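Q: make a model of this:
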Amino acid sequence: MSQEAMEAFRKALETNPGLLEQIRQARVAATVQVAVAAGFEITVEELGDVIQESGAELSEERLEAVAGGLLNLPFGIQGNVRR
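A: Residues are numbered from 1 along each chain as shown. Predicted structure coming up:
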């Protein structure tokens, strides 16, 4: 993604709450898939509850990290996401 495209995406996230929510939901779903593949029994709803309880909101810095490929979960697990 070019720098211009990244900036346009960031602005879209700032002005389109629905798009931001889609990103959040996709992140939770992907995290659950990884956890299940690793042998953990967890659902999207359960992880969503944990995130909500932790008060985890995506700051602009965290959102940029996620969009750039860094996964930083509210309960201390970090790692680079590779496609």
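Q: OK, contacts around Met7?
A: Small correction: residue 7 is Glu, not Met. Taking Cβ atoms under 8 Å, 6 or more residues apart in numbering as the contact definition, Glu7 lies against nothing. All C-beta atoms are positioned from the backbone trio N, CA, C, and that covers glycine.
Q: need phi/psi at it.
A: With angles defined as degrees, to the nearest 10, Glu7 sits at phi -60, psi -40.
Q: Ala26 versus that one, what's the distance?
A: Relative to Ala26, Glu7 is positioned 21 Å away (Cβ to Cβ, to the nearest Å).
Q: Phe40: what secondary structure?
A: Secondary structure assignment for Phe40 (DSSP: H, G, I helix; E, B strand; the rest coil): coil.
Q: what stretches of the chain score poorly on pLDDT?
A: Within the chain, the segments meeting pLDDT under 70 span 55-83.
Q: and the helices in this structure?
A: 3-15, 17-37, 44-53, 60-67 (DSSP state H).
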